[in-house]
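Asker: here you go, sequence then predicted model.
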Amino acid sequence: MSSRKKAAHTVAAAAGIGLAAILSGCATDAGSAESSSGTDQATPSASTPATSTPATGQDATGATGATAYVDGKYTGQGSYTSPAGPEKVTIQVTLASDKVTDVTFSSDATSPTTKIYQGKFVSGLDGAVVGKSLDDISIDKLAGSSLTGGGFNEAIDQIKGEARG
């Protein structure tokens, strides 16, 4: 290969590596940063940690066929602070074989802005949790709402405690 072609090839490869580094840095920053204004204006995303209960029907100890949670309907309450002040949310999930088969969200919010962001959160909730293992559910941001997830996660933690078999 001529030295001119080698130089062009090297520049193209370096540009590709640089672009990949920039893009991976953006993905990390967008997924972890809260809105600096303190409002629910973050980019949409749902965070689900690595599976702690294998999908093979094993419980956390590896025993096949056992489940970590008792099937049924469970309700939990959580709270968080919005720019309008303290907010409370109530979450109800239906569990079958450690997976969420249904979820409902309710709140007594009175602030119009809070209602908007909670509505955005609810619009993405089914897709973020239904069909997933209860242990895999944790939401930082969802559908543009970055604060509501705190109350949701607190309610899910209560449900986990109540549903343990």
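Answerer: Cool, got the structure.

Asker: ok, Gly149 - contacts?
Answerer: Tyr80, Phe121, Ile139, Asp140, Lys141, Leu142 (C-beta atoms under 8 Å, 6 or more residues apart in numbering). All C-beta spots, glycine's among them, are computed from the backbone N, C-alpha and C.

Asker: buried residues in the one helix or strand it maps to?
Answerer: Assigned by DSSP states H and E, Gly149 belongs to helix 148-163. Within helix 148-163, the residues scored as buried using 16 or more other C-beta atoms under 10 Å are 148-156, 158-160, 163.

Asker: in JSON lines: those residues, plus pLDDT and distance to Gly127.
Answerer: JSON lines is the format used below for the buried residues of helix 148-163 (pLDDT from 0 to 100; distance: C-beta to C-beta, whole Å):
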{"residue": "Thr148", "pLDDT": "94", "distance to Gly127": "15"}
{"residue": "Gly149", "pLDDT": "94", "distance to Gly127": "14"}
{"residue": "Gly150", "pLDDT": "95", "distance to Gly127": "20"}
{"residue": "Gly151", "pLDDT": "95", "distance to Gly127": "19"}
{"residue": "Phe152", "pLDDT": "95", "distance to Gly127": "14"}
{"residue": "Asn153", "pLDDT": "96", "distance to Gly127": "17"}
{"residue": "Glu154", "pLDDT": "96", "distance to Gly127": "21"}
{"residue": "Ala155", "pLDDT": "97", "distance to Gly127": "18"}
{"residue": "Ile156", "pLDDT": "96", "distance to Gly127": "16"}
{"residue": "Gln158", "pLDDT": "96", "distance to Gly127": "22"}
{"residue": "Ile159", "pLDDT": "96", "distance to Gly127": "19"}
{"residue": "Lys160", "pLDDT": "95", "distance to Gly127": "21"}
{"residue": "Ala163", "pLDDT": "95", "distance to Gly127": "22"}
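
Asker: could the residues you listed go into JSON lines alongside distance to Ser111?
Answerer: Shown next, in JSON lines, are the buried residues of helix 148-163 (distance: C-beta to C-beta, whole Å):
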{"residue": "Thr148", "distance to Ser111": "12"}
{"residue": "Gly149", "distance to Ser111": "17"}
{"residue": "Gly150", "distance to Ser111": "16"}
{"residue": "Gly151", "distance to Ser111": "14"}
{"residue": "Phe152", "distance to Ser111": "17"}
{"residue": "Asn153", "distance to Ser111": "21"}
{"residue": "Glu154", "distance to Ser111": "19"}
{"residue": "Ala155", "distance to Ser111": "19"}
{"residue": "Ile156", "distance to Ser111": "23"}
{"residue": "Gln158", "distance to Ser111": "24"}
{"residue": "Ile159", "distance to Ser111": "26"}
{"residue": "Lys160", "distance to Ser111": "29"}
{"residue": "Ala163", "distance to Ser111": "31"}
